[in-house]
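[1] how does the following fold in three dimensions:
(chains A, B, C and D)
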Amino acid sequence: MENLIALLIAAPLLGAAVLLTGGRRLDRVGHWIGTLLSAASFVFGLILFVDLLGKNAEHRTLIKHLFSWVPVAGFQADATFRLDQLSMTFVLLITGVGSLIHLYSVGYMEHDERRRRFFGYLNLFLAAMLLLVLADNYLLLYVGWEGVGLASYLLIGFWQHKPSAATAAKKAFLVNRVGDMGLSIAIMLMFTTFGSFAFGPVLSHATQASEGKLTAIGLMLLLAACGKSAQVPLQSWLGDAMEGPTPVSALIHAATMVTAGVYLIVRSGAVFNAAPDAQLAVTVVGAVTLLFGAIVGCAKDDIKKALAGSTMSQIGYMVLAAGLGPIGYVFAIMHLVTHGFFKAGLFLGAGSVMHGMNDEVDMRKYGGLRTYMPVTFITFGLGYLAIIGFPGLSGFFSKDKIIEAAFAKGGTEGWILGGAALLGAAITAFYMTRVMLMTFFGEKRWQPDENGNEPHPHESPRVMRIPMIVLAVGSVFAGGLFSIGDRFLHWLEPVTGHSEGHSPVSAWTVTGATMVCLLVGVGIAWAQYGRKPVPAVAPRGSLLTRAARRDLLQDDFNHVVLVRGGEHLTRSLVYVDHTLVDGVVNGTAAGFGGLSGRLRRLQNGFARSYAVSMFGGAALLVAATLLMRAV
Amino acid sequence: MSFPLLTATAALPAVGAVITAAVPAARRTAAKWLALLVSLATLALAVTVLVRFDPDGARYQLTESHAWIKDFGVRYELGVDGIAVALIALTALLIPFIILAGWNDADPLETGSRRWRPTQGFFALILAVEAMVLISFEATDVFVFYIFFEAMLIPMYFLIGGFGDRAHEHGEAAASTQRSYAAVKFLLYNLVGGLIMLAAVIGLYVVAGNFSLQEIAQARASGSLHMATNTERWLFLGFFFAFAVKAPLWPLHTWLPNAMQEATAPVAVLITAVVDKVGTFAMLRFCLQLFPEASKWATPAILVLSLISIVYGALLAVGQRDIKRLVAYASISHFGFIIMGIFAMTSQGQSGATLYMVNHGISTAALMLVAGFLISRRGSRLIADYGGVQKAAPVLAGTFLIGGLATLSLPGLAPFVSEFLVLVGTFARYPAIGVIATFGIVLAALYTLVLYQRTMTGPVKPEVSAMPDLRARELVVVAPLIVLLIFLGVYPKPVTDIVNPAVKQTMSDVHKTDPKPSVEAAK
Amino acid sequence: MNPVNYLYLAALLFTIGATGVLIRRNAIVVFMCIELMLNACNLAFVTFSRMHGNLDGQIIAFFTMVVAAAEVVVGLAIIVSLFRTRHSASVDDASLMKL
Amino acid sequence: MSPQLAAYTTSTGEAFQFWVLGTVAVIGALCTVLMKKAVHSALCLAGTMIILAVFYLANGAYFLGVVQIVVYTGAIMMLFLFVVMLVGVTAADSLKETIKGQRWLALLCGAGFGVLLFAGIGNASLKEFDGIGQANANGNVEGLASLIFTKYVFAFEITGALLITAAVGAMVLTHRERTERAKTQRELAEQRVREGKHLPPLPAPGVYARHNAVDIAGLLPDGTPSELTVNKTLRERGQIRDVSAEALGDLRALEQRAEERLERTEIEPATFKRPEEASK
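    Model prediction:
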């Protein structure tokens, strides 16, 4: 069985290798190879899942030691995989959603001449993501961590001829690198603290280390999570990442990669449990991001960017939950999975809309599309209901638990966090309703573009519809499936641990409050966008709206402080290198040149002058001789 | 007496150089093939060295020792430890690629050179450099090492000054001026370093009475050779200065950008991937072994300098307009890592540094050679002259990206392992320095991706649109390097196994042990 | 009187000659000063010869005279040919050693 | 008085001769250095050499004394004079120093060297003083000859070779080889016409009515002196006298005298320039 784990990764890796080096002759079948290998990986995952289910809850951990990776005195990094309930959940999510999106991309990328390459990158992503969740030590996890970053870079910048795409890709990679720095420092800290960075030794001995060190490790891990999961303050790349093809946004920037941060925190739960300060920081980051993302999502007119804001916000929920400790871990992962379904569904829906609208992304140029693309409308609508937490659908179960857990944190913190989560739920309802109304309801607002091509909205081909339908089904039922009978809780508990909190407010009260928030959000959105027609050109809006449109000015801050500052720094350093460092050397050279120029003047060419020096020299010699004799 | 394998390894390219230089003027192609065959034969010998070397055996193996200058106790002593073996293998491996990449760089038909037999000269000089580098890695006699350490400058000088890059925004005359400036700068910097080292070598002889590394190190270890603290420190500084110029360490680095910018890409690779490695290698072998106490004394200062190198080199790479200069500054940053690893005085740091030398050689070769192919197609080194190459030449862009990713130490590619080892090793002893050095990885991503974005992506520039993709010869050069980068990234064990015992020895030379983790039980 | 005085005289004449070489510009006068120095040496040799009571010193002085004669011949020839080409007998005019 | 001491000191006559002639020799040497005209220097040097010859005789070196007078003073010094004539016997050197600091350095070095030599001689242990009498017992010339042809024979032969080489060398140096036929007067005239320079004969030197010396440049119609009028050799020696300023000076002197007579003193007295300085 253990060998299957390696195959799990090997299949998409093989796909990537074949597709990327195969050359043009694979152009016609490349996408099917990619999809097939991804599906194969999913099948392996299923087999392993069934195998795990057949085992006792305590023995559901498979370890596969492949080879000794970096053996250096005192530093043993092995290529070892660990498949337990947590990674299994991720494997299924990644390969399942991944396969669906492969399938979807077959249709979506049909007219792209570089489709083979696209599937190669997608496969590369799958392999890296699987490596990330299957690694048994942090260094191997780091490989996957950066691997998904690379795949994300390649896919965001897939349409490289667009400068905006290339810039967005670069930005994503760079911001992620800042996070990666946190991860590598965390690994170094683990190494100096525990002498190892494998999950086993680190997590089982976490309590023996000093709290200061654990807090440091926790904060560094949080930094890593912030980068990968687009949490404040490293969230700025996610909006720009929407430059990539929509399937990429669905797979990487909604369902899987961005949730890696949550995985990291949950996986390192033992460290965080022993470092309350780090945990607090995690919850704060989660709460701030969930509001930040939600606010940004409200203001965007670009359908994908609105969804990206939403992703940020939803991951904020997960991070918040993960920061709550054992109460929240399970719910964080549960929300992660359900979110994987409905957000991927929503993105695919958005992609389907764009596909039918000549790649238009501005929602103000949509309107009334429900009649043109009914399947898209229904699947998107189900995803919408799931994300706002409509009772009975996936989002309802997972989000509700998180809000409960936040209140259960207790004290002022509990109230603040819970309040933030509730507020987030209201805003979520608002912006998602806004997206829904602007896209599918109201009057049609599209115009011919400058070339006179009027969009002819049409339903997408079947190969794209199937994944949307599957994901919609998942968005509807996953939550119930997990929550009823606490199945998911019992499945994950052996890995993450679980504790019941004592909420100051009862579960029903929280649910009720959530419902009220939801209604308020939907109501306001309907009042603004449902009752009156949506203007085709965005109104100026309030100060907050304008700021939110610009990602709450975070990019501007980055631009002024980091980009400009960096440019000035490098430019002045280039100058310094040229004038100062090189200048000292050149100055020395010039000094010697000048000195020899002076000395050269003594060599005036007059024989008599030379004779004087010769004579003087002779005199000195005589003097020296005499002195030596005298001594 | 057994077959002198080490001498043969170094002598073969030397003889090859002489024969290549003697090939008649009209038989250019023969000269090229001859040089290639000689380099491949050298590679075969280096592989034999690698195979015959037993990592768990004696410290120095395959030793040869003959009296040379009796009056001064100079002996022709050769011997290799694990670190040297790894670097010999790297050198012998890279030279065939360098020759193949520079196949047409000195061809008068391509360059319009009116010089007498330029092709023969070019390849003969490359082989001569190889011979000297190899013997520098093998020498265990300080004097022998010194001679070849310095003699290397002569062929390098001609390679930089005589066969430089013809691409220059202000025309060929400007290129020629720049080239001679770079060559002279290279020579002067290294000569000054060498001169100071010569003083230290003589000083060492005065103190120790002979030049044998092994004898001196043993005498020092056993306490029979006592050095006054100040003497040791001065001698250390003399040696270190020369190596720091060659490596190069901030603020002695400014010759490298000029030299790499003006040399042709294969020669630039020769400089940074092969010749400069002698500097870092010598720090490990000579500085630490001969002057352990002084090395420890100087560690804080050197670490700070290497830290500056890392950050400073990376920041300057970001600000460059010239592709080759950018790679040069990136190399300065990487050399900062190597030196930091050496002087962190931990097993991880030193293993990482050795591994880094090998990996940096391969990754820079990949990046620089592809950059050279790119430059030769467009005739310009300026980043701004490119754009959208990806569309016209996807394979070239792909290999360039992989080279770039290796430069930024992407996990899964070889440099990552070494960089991480260096960082961990440094962090274990000096956390603050380790953390600041980690910033280097962000900056590395910045300069690499900016370079890639500006040259390869975006709208296709008209001058670029007809650019041919990699040719078969170029692919033969790049593909093995990339395969090697991936292989050593996934499975560096073959190298670490050779290196580890040698590092252990070095650690015991300086009487240092790794810091213990604070939670022992986790082991 | 002590014959050493001859040596002092020789030294004085030598010094005067040397100084003359240094401060005169006319090549002929410079040459004469050189002759003066040679003569001073000869005086010293002759004195030594007397002091030591053998003739070797005089032999050396004799050779010096011969060499001086040869030197004068060549030197004057150089001056003449210099004068011919440069129309001057000043040593400062022949500052070709300068870059 | 022991024989040792007798040899050590010299007769009063010799002492007298030394002090008198020595003073003269030093004066002669100084004059050699300081005389402006080379011919004066040469004469002073000749004097010094003759005195040295006397000293040689006094020291028992009879052969050398005679050779000094005959060969040195007679032949070599005459060679000098000959060359001086060739170069220009009247040409006076300026003793003004042109190289900055040269004179002071030279004097310093000279003085230092002299002091050192004196100190050296003073410190030398010159105890041995045998006198030349015994060596000259068989006659000075015979003694020298036996040494030259036995002990120093190789040096002697080599010196002979040196002399011959020097003679050949002097010839090579001064001999100018004609590479082409000398031009006839006709050809020279034709060349002059072709080049268009100085078609008429060169103008005559001298300013009529006031000077008729050949070293004074004739005046052109606009009153400026023309160097062409002076003989080429004089021109090359720089021995042209310039009289243009002299006339002005005369005029100014005339004016001054007139003013003095008329008791008008407002006008500044003119600065006079000596003709030699004006020609510099």
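
[2] quick one, helices of the stretch 1-150 of chain D?
    D:3-8, D:12-34, D:38-58, D:62-67, D:77-87, D:102-123, D:140-148 (DSSP state H, counting those that start in this stretch).

[3] to C:Thr47, which of the ones you listed lies closest?
    When those are compared by CB to CB, helix D:38-58 sits nearest C:Thr47, at 8.4 Å. Using the backbone N, CA and C atoms, a C-beta is placed for each residue, glycine as well.

[4] can the longest helix belonging to chain C be said to contact chain A?
    Longest helix of chain C, by residue count under DSSP state H: helix C:56-86. No. Remark: helix C:56-86 sits outside contact range of chain A, by CB under 8 Å from any CB of the partner chain, the gap being at least 11.8 Å.

[5] could you see whether chain D lies near that helix?
    Yes. With CB under 8 Å from any CB as the measure, helix C:56-86 is seen reaching chain D through C:56, C:58-59, C:61-63, C:65-74, C:76-81, C:83-84.

[6] show me how to select, in ChimeraX, the buried members of the residues you listed.
    To isolate the buried ones among the residues of helix C:56-86 next to chain D in ChimeraX, judged by 16 or more other CB atoms under 10 Å in any protein chain shown, type:
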select /C:56,58,59,61,62,63,65,66,68,69,70,71,72,73,74,76,77,78,79,80,81,83
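
[7] turn the helices of the stretch 1-150 of chain D into CSV, columns for mean pLDDT, distance to A:Gln85 and mean neighbour count.
    Output for these, formatted as CSV (pLDDT from 0 to 100; distance: least, CB to CB, whole Å; neighbours: other CB atoms under 10 Å in any protein chain shown):
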stretch, mean pLDDT, distance to A:Gln85, mean neighbour count
helix D:3-8, 50, 124, 13
helix D:12-34, 91, 113, 17
helix D:38-58, 91, 117, 23
helix D:62-67, 92, 123, 20
helix D:77-87, 84, 116, 18
helix D:102-123, 87, 98, 17
helix D:140-148, 89, 120, 17
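
[8] can you put these in TSV and add distance to B:Leu475?
    Output for the helices of the stretch 1-150 of chain D, formatted as TSV (distance: least, CB to CB, whole Å):
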stretch	distance to B:Leu475
helix D:3-8	102
helix D:12-34	85
helix D:38-58	85
helix D:62-67	93
helix D:77-87	82
helix D:102-123	73
helix D:140-148	89
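
[9] can you count the residues close to the closest residue to A:Thr35 other than its chain neighbours?
    Closest residue to A:Thr35 apart from its sequence neighbours, by CB to CB, 6 or more residues apart in numbering or on different chains: A:His102 at 4.1 Å. A:His102: 29 surrounding residues under other CB atoms under 10 Å in any protein chain shown.

[10] mind listing what A:His102 touches?
    By CB atoms under 8 Å, 6 or more residues apart in numbering or on different chains, the contact list for A:His102 reads A:31, A:34-35, A:38-39, A:119, A:122.

[11] any idea how far whichever helix or strand D:Ala155 is part of is from the chain center?
    Taking DSSP states H and E as the definition, one finds D:Ala155 inside helix D:153-174. Its chain's C-alpha centre and that of helix D:153-174 lie 25 Å apart, by CA atoms, centre = their mean, to the nearest Å.

[12] helix, strand, or coil at whichever residue of chain A sits closest to chain C?
    Going by CB to the nearest CB, chain C is nearest to A:Gly605 of chain A, at 2.7 Å. Here A:Gly605 is recorded as coil under DSSP: H, G, I helix; E, B strand; the rest coil.

[13] what residues does whichever helix or strand comes after the helix holding D:Ala155 touch?
    Counting by DSSP H and E, the next helix or strand C-terminal to helix D:153-174 is helix D:185-195. Helix D:185-195 is contacted by residues D:183, D:198-199 when judged by CB under 8 Å, 6+ apart.

[14] now neighbour count, pLDDT and distance to chain C too, for those residues, in a markdown table please.
    Compiled in a markdown table, the contacts of helix D:185-195 are given as follows (neighbours: other CB atoms under 10 Å in any protein chain shown; pLDDT from 0 to 100; distance: CB to the nearest CB, whole Å):
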| residue | neighbour count | pLDDT | distance to chain C |
| --- | --- | --- | --- |
| D:Lys183 | 11 | 82 | 19 |
| D:His198 | 10 | 71 | 20 |
| D:Leu199 | 9 | 72 | 26 |
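
[15] got JSON lines for those residues, with distance to chain A too?
    Putting these into JSON lines (distance: CB to the nearest CB, whole Å) gives the following:
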{"residue": "D:Lys183", "distance to chain A": "37"}
{"residue": "D:His198", "distance to chain A": "36"}
{"residue": "D:Leu199", "distance to chain A": "41"}
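
[16] tell me how many other residues crowd B:Leu12.
    Using other CB under 10 Å: B:Leu12 sits among 22 other residues.

[17] which stretch of helix or strand covers the residue nearest to A:Thr35?
    Assigned by DSSP H and E, A:His102 belongs to helix A:85-108.

[18] low-confidence ranges, the stretch 101-250 of chain D, go.
    Across the stretch 101-250 of chain D, residues meeting the criterion (pLDDT under 70) sit at D:125-129, D:206-212, D:223, D:236-239, D:241-247.

[19] and the helix or strand harbouring B:Ala502, what other elements does it pack with?
    In this assignment (DSSP H and E), B:Ala502 forms part of helix B:493-509. Applying 3 or more CB pairs under 8 Å, 6 or more residues apart in numbering or on different chains; DSSP states H and E, we find helix B:493-509 packed against strand A:62-72, helix B:82-101, helix B:288-290, helix B:347-378.

[20] one more time with 10 Å, if that's ok
    When contacts are defined as 3 or more CB pairs under 10 Å, 6 or more residues apart in numbering or on different chains; DSSP states H and E, helix B:493-509 packs onto strand A:62-72, helix B:82-101, helix B:213-222, helix B:288-290, helix B:292-318, helix B:347-378, helix B:414-429, helix B:472-490.

[21] list the buried residues of the first one.
    When burial is assessed from 16+ other CB under 10 Å, strand A:62-72 yields the following buried residues: A:62, A:64, A:66, A:68-72.

[22] and the residues you listed near chain B, which?
    Here is what survives when the buried residues of strand A:62-72 are matched to chain B using CB under 10 Å from any CB of the partner chain: A:68-72.

[23] redo those as TSV? Include distance to D:Ala155 and pLDDT.
    As requested, these are arranged in TSV below (distance: CB to CB, whole Å; pLDDT from 0 to 100):
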residue	distance to D:Ala155	pLDDT
A:Ser68	88	88
A:Trp69	88	88
A:Val70	84	86
A:Pro71	84	86
A:Val72	81	85
